[in-house]
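K.L.:
give me coordinates for this.
(one chain, ligands or ions: 1)
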Amino acid sequence: MSEQHTTLIRPQDQTGAERATAVAHPNIALIKYWGKSDERLFLPRTDSLSMTLDIFPTTTHVRLDAQAGHDAVTLNGVPATGEALRRIVTFLDLVRDRAGSLQRAVVDTENTVPTGAGLASSASGFAALATAAAAAYGLDLDATALSRLARRGSGSASRSIFGGFAMWHAGRTTGTATDADLSSYAEPVPTAELDPALVIAVVNAGPKDVSSRTAMRRTVDTSPLYEPWAASSRDDLADMQVALKRGDLEAVGEIAERNALGMHATMLAARPAVRYLSPATLTVLDSVLQLRRDGIPAYATMDAGPNVKVLCRRADADRVAGVVRSAAARVSVHIAGPGPGARLLCGVGR
Ligand code: PMV
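P.N.:
This next block holds a predicted model:
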């Protein structure tokens, strides 16, 4: 039949945008993700819960290039190479596979968070890339599907698709790989009136010695404290949900602090140990204790790096920032509130 000889046009050629720009913000986990059950699918061992910030956005432009033989990626104007490039190309391959496209892309990312400093630049980075790449390749994904997709770039990115507080479900560990993949995504968490701030004390903005991926794997494989922490983290999550629903900032802070210290304990017990906490970290932690003694509710959490994030009431944030700033030399301090989810700024169709 003559129709069989007409040109087949892939859906994204007809309707999808060929270029798109998206912005996403980092998130800080109050109940941590630490440990994968499937490294390829980025499935976590435990559920986690975070607050998306209103500072340090990542803006990512994706443009398809029909002529190019490979993807071209720049991060803050510098061509990406090595592991950073490999992770982005692997992610784009996943998007291409879903879109049925072979077209390469030009990706331009502007990160305002100090990269590699344990401040979750990968979360905002892959949330922005997932949102922009899905649009550019013509995939029509809802927020849940985008969260699953972002997860495949960096686990914590699944949560940055959403604003405010978000919980990432570990997903089913039994069943097929597809079941597990589909059931692991983030969603918004209902909270009562809270007026929180996170005071971020950057004690070292340099790249970390051990990547979170390596550190997680080593902790799961060798730390005798890992399983007890994972079990207690499940209880922490349940307590956290109750505290958020009640709008009880002090309880939220206490639970977040114990969960983070427990996570770092699992790493310290790994063989060999992974230690992200530096002397300056401990000095800042002391200042947080002093704030509490002085009657200011302030609670600390740390990720895969030496920097400290202090949860407090918005009304106390300037005072907390002042105390933390004078605690240690060369600390830079940023005040964040709850921020928006990832969003598309523009997408241009043919
Ligand atoms: O997804 P990654 O590789 O950025 O891992 C993040 C792990 C922690 O930041 C330490 C905890 C978390 O839940 O964000």
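
K.L.:
what residues does the protein have near the ligand?
P.N.:
Within the chain, the positions lying close to the ligand (Cβ under 6 Å from any ligand atom) are 29, 32-34, 48, 120, 122-123, 154-156, 212-213, 303-304. Glycine gets a C-beta too; all of them are placed from N, C-alpha and C.

K.L.:
of those, closest to Glu257?
P.N.:
Lys32 (11.4 Å; Cβ to Cβ).

K.L.:
tell me the pLDDT at the closest one?
P.N.:
In this model, Lys32 is scored at 98, pLDDT.

K.L.:
low-confidence stretches in the stretch 201-350 of the chain?
P.N.:
348-350 (pLDDT under 70).

K.L.:
mind doing that once more with 90?
P.N.:
204-209, 328-330, 346-350 (pLDDT under 90).

K.L.:
just the helices in it please.
P.N.:
Taking DSSP state H, counting those that start in this stretch, the helices of the stretch 201-350 of the chain run over residues 212-222, 226-246, 249-268, 279-293, 317-325.

K.L.:
who touches the longest one?
P.N.:
Counting contacts by Cβ atoms under 8 Å, 6 or more residues apart in numbering, the residues outside helix 226-246 that touch it are 30-32, 34-35, 45-49, 165, 167, 189-192, 194, 219-220, 251-252, 255-256, 258-259, 262-263, 265-266, 269-270.

K.L.:
please apply the same query to stretch 323-330.
P.N.:
199, 201, 203, 280, 283-284, 286-288, 290-291, 308, 310, 331, 333.

K.L.:
may I see the buried residues of it?
P.N.:
Val323, Val324, Ala327, Ala328 (16 or more other Cβ atoms under 10 Å).

K.L.:
got the CA positions of it in PDB?
P.N.:
Backbone C-alpha positions of stretch 323-330 (Å, rounded to 0.1, in the frame of the first residue of the first chain) are rendered in PDB as follows:
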ATOM      1  CA  VAL A 323      26.600  32.300  65.700                       C
ATOM      2  CA  VAL A 324      27.600  29.700  63.100                       C
ATOM      3  CA  ARG A 325      29.700  32.300  61.100                       C
ATOM      4  CA  SER A 326      31.700  33.200  64.200                       C
ATOM      5  CA  ALA A 327      32.200  29.600  65.300                       C
ATOM      6  CA  ALA A 328      35.000  28.700  62.900                       C
ATOM      7  CA  ALA A 329      37.400  30.500  60.600                       C
ATOM      8  CA  ARG A 330      36.600  30.800  56.900                       C
END
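
K.L.:
chain center to it, what's the gap?
P.N.:
On the basis of Cα atoms, centre = their mean, to the nearest Å, stretch 323-330 sits 26 Å off its chain's mean C-alpha point.

K.L.:
also stretch 104-113?
P.N.:
16 Å.

K.L.:
what's the burial count for Asp142?
P.N.:
7 (other Cβ atoms under 10 Å).

K.L.:
and if you look at Ile335?
P.N.:
Using other Cβ under 10 Å, Ile335 has 18 neighbouring residues.

K.L.:
state the phi and psi torsions of the closest residue to Ser278 other than its chain neighbours.
P.N.:
The shortest distance from Ser278 to any non-neighbouring residue, by Cβ to Cβ, 6 or more residues apart in numbering, is to Pro306 (4.1 Å). Here is the backbone geometry of Pro306 (degrees, to the nearest 10): phi -90, psi -10.

K.L.:
show me what the nearest residue to Ile31 once chain neighbours are set aside bridges to in the sheet.
P.N.:
Take Ile31 and drop its neighbours on the chain: the residue closest to it by Cβ to Cβ, 6+ apart is Leu49, 4.2 Å away. Leu49 has these beta-bridge partners by DSSP bridges: Ile31, Met167.

K.L.:
ok, Leu49 - contacts?
P.N.:
Ala29, Leu30, Ile31, Phe165, Ala166, Met167, Trp168, Val189, Leu237, Met240, Gln241.
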